[in-house]
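A.B. asks: fold the stuff below for me.
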Amino acid sequence: MSQPESERGYERSSGDVLVEDLDDRREMLDVATQKTRFTLLQGIVSHPAELPSLRELELLNPRLGRTTIHEHLEKLIDAGVIDRVENTETANDPNVPSKFYGLTKEGRSVLEGTGLFDAASTLKHYYNKIQKTEEHDRYESAPRP
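C.D. replies: Next comes the predicted model:
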């Protein structure tokens, strides 16, 4: 029985296209559910646009350093759970962010069974209750791609 084609396929040396399989999904889930990374994913899901900047994630997670957050975001990107998107219109404006982080279609699919999306409305509620600084408000209101 052949496997259906997938957007995330890759070629073997024989030219056969392999599709994302259960092991790929398990690996994505393993990466995403590590405690710090799952906390960052909660920050992404709780954000009004589900597309926060690095600085917004820092403000939501004051105990984590920028380097730590960035390293975990890179692992999530490498695993295909999230993407980094850029707003080229604000790339040269130092007052607002131009890079944002959001779930990929595959990441959302893999995380469906974790309860993350069941808690989305609660996460958004708490996000809206956070006492935000002027900087946070400025970053939150920045245009996104």
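A.B. asks: helices and strands around whichever strand or helix holds Arg55, which ones?
C.D. replies: Using DSSP states H and E, Arg55 sits in helix 54-60. Applying 3 or more CB pairs under 8 Å, 6 or more residues apart in numbering; DSSP states H and E, one finds that helix 54-60 contacts helix 35-46, helix 66-78, strand 99-103, helix 134-140. (Glycine included, C-beta is placed from N, CA and C.)
A.B. asks: ok, now with 7 Å
C.D. replies: helix 35-46, helix 66-78, helix 134-140 (3 or more CB pairs under 7 Å, 6 or more residues apart in numbering; DSSP states H and E).
A.B. asks: contacts for the first one?
C.D. replies: Contacts with helix 35-46, where a contact means CB atoms under 7 Å, 6 or more residues apart in numbering, come from 31-32, 50, 52, 57, 60-61, 64, 69, 72-73, 75-76, 82, 101-103, 116, 120, 123-124, 126-127.
A.B. asks: PyMOL command to pick out the buried ones of those?
C.D. replies: Here is the PyMOL selection string for the buried members of those, based on 16 or more other CB atoms under 10 Å:
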select buried, resi 31+32+50+52+57+60+61+64+69+72+73+75+76+82+101+102+103+116+123+127
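A.B. asks: circling back: report the distance from the helix holding Arg55 to the chain centre.
C.D. replies: 13 Å (CA atoms, centre = their mean, to the nearest Å).
A.B. asks: and the end-to-end length of stretch 87-97?
C.D. replies: Counting by CA to CA, to the nearest Å, you get 8 Å between the two ends of stretch 87-97.
A.B. asks: how far away from the center of its chain is it?
C.D. replies: 20 Å.
A.B. asks: stretch 85-95 now?
C.D. replies: The chain centre lies 19 Å from the centre of stretch 85-95; the measure is CA atoms, centre = their mean.
A.B. asks: of all the residues in that stretch, which ones are buried?
C.D. replies: For stretch 85-95, by 16+ other CB under 10 Å, it's Asn87, Thr90.
A.B. asks: turn the helices and strands packed on helix 54-60 into TSV, columns for distance to Val96 and mean pLDDT.
C.D. replies: Converted to TSV, the helices and strands packed on helix 54-60 look like this (distance: least, CB to CB, whole Å; pLDDT from 0 to 100):
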stretch	distance to Val96	mean pLDDT
helix 35-46	18	96
helix 66-78	17	98
helix 134-140	7	90
